[in-house]
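1. Sequence first, predicted model second:
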Amino acid sequence: MYLVVGIGGIIGALLRFSISEWFLTLGYISVAGTLCVNLIGCFFLGLVQGCARVFELPPWLVTGVGTGLIGAFTTFSTFSIEVVRFLEQGNFMLALYYIVISSVGGYFLANMGFSLVTYKKNEV
């Protein structure tokens, strides 16, 4: 189990770093990369959990992908520091927007990923 989490973690961390760097090279502020990876991660974690329920995936696979890959891909700590920086700079509304978009968007996308798979099972 540790091995699959570690392998997933390496892949997830490298993907997150690559996407964040890509956003910076395009001229976006750093929060754009963080927001993107966190929202994508929410959707895919919901999708993985839905697949785990519908297709009865082995626990090592769900843990490796969910905790390892997606856990390393997403970053709550970076999100939190970015919020703190906004607040320190006096950008209270930007901090609030970032928190709301991240939270509501994350819940929505996680539910959408989960529902996408579990809805299909109910149709069959």
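-> Arrived safely, thanks for sending. Residues are numbered from 1 along each chain as shown.

2. right, and Val54 touches Val117 too?
-> Yes: here Val54 reaches Val117: they are 5.3 Å apart, a contact under CB atoms under 8 Å. Heads up, the C-betas are built off the backbone N, CA and C, glycines and all.

3. so which strand or helix has the residue nearest the centre of the chain?
-> What sits nearest the mean C-alpha location of the chain, by CA atoms, centre = their mean, is Gly41, with 2.2 Å. If you go by DSSP states H and E, Gly41 is part of helix 30-55.

4. Please name the spatially closest residue to Leu109 (chain neighbours excluded).
-> Spatial nearest neighbour of Leu109, chain neighbours left out: Phe43 (4.0 Å); criterion: CB to CB, 6 or more residues apart in numbering.

5. contacting residues for that neighbour?
-> Counting by CB atoms under 8 Å, 6 or more residues apart in numbering, Phe43 makes contact with Leu109, Ala110, Met112, Gly113.

6. quick one, what contacts the nearest residue to the residue nearest to the centre of the chain once chain neighbours are set aside?
-> In space, Gly41 comes closest to Thr74 once its chain neighbours are excluded; the distance is 3.5 Å by CB to CB, 6+ apart. With contact set as CB under 8 Å, 6+ apart, Thr74 has these partners: Gly12, Arg16, Val37, Asn38, Gly41, Cys42, Leu45.
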